[in-house]
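Participant: Provided below are the primary sequence and the corresponding predicted coordinates.
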Amino acid sequence: MTKGRNTTYEERVEIVSYCIEHGNDYTAAIEKYGISYQQIYSWVRKYNEKGTEGLVDKRGKRKAESEMTEVEKLRAENRMLEARNRRLETENAVLKKLEKIERRWC
């Protein structure tokens with residue numbers, strides 16, 4: 001098994017095209033491009049399902065609000081409110097601690 005490497009969108013399209021043109025010969029693609037079998041297989045499967053759009057790396061990207069379902073919007077809002085609540089609780093605890101320290105010095 002070869003060690004994984006980072007690839008660009010264009011490289012993924014080229015690798016998948018090569019593999020498909022050669023009758024899904026994964027071994028030849030592995031030797032030529034130095035990519036693992038699992039990765040090539042995954043890209044070919046995604047390409048067959050969604051076309052070149054399936055080869056776009058979407059990790060770490062948020063969905064646009066227009067693409068979200070109502071449930072996803074509510075979950076996102078809930079996460080934001082929970083984060084705000086944690087920040088305010090921390091701020092409150094710091095202020096209480098500061099007040100306690102100030103009382104000791106007076």
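Facilitator: Great, that's in hand. Numbers count the residues shown, from 1 in each chain.

Participant: Ends of stretch 14-32, what's the gap?
Facilitator: 11 Å (CA to CA, to the nearest Å).

Participant: pLDDT weak spots in the chain?
Facilitator: 1-4, 61 (pLDDT under 70).

Participant: Need the phi and psi values for the residue nearest the centre of the chain.
Facilitator: Centroid-nearest residue in the chain, with CA atoms, centre = their mean: R59, separated by 2.1 Å. With angles defined as degrees, to the nearest 10, R59 sits at phi -70, psi 140.

Participant: repeat for A29
Facilitator: According to degrees, to the nearest 10, A29 has phi -70, psi -40.

Participant: That one against R12, yeah?
Facilitator: No: between A29 and R12 there is no contact, the gap being 11.3 Å when judged by CB atoms under 8 Å. Any C-beta I mention is one placed from the backbone N, CA and C, and that applies to glycine too.

Participant: Of all the residues in stretch 35-55, which ones are buried?
Facilitator: 35, 39-40, 43-44, 46-47, 54-55 (16 or more other CB atoms under 10 Å).

Participant: Next, K58: secondary structure please.
Facilitator: coil (DSSP: H, G, I helix; E, B strand; the rest coil).

Participant: Can you list the helices and strands that the top helix by length along the chain packs against?
Facilitator: In terms of residue count, the longest helix belonging to the chain (DSSP state H) is helix 70-105. Using 3 or more CB pairs under 8 Å, 6 or more residues apart in numbering; DSSP states H and E, no helix or strand is in contact with helix 70-105.

Participant: Looking at A29 and R12, which has the bigger crowd around it?
Facilitator: A side-by-side neighbour count of A29 and R12, using other CB atoms under 10 Å, places A29 first with 26 against 22.
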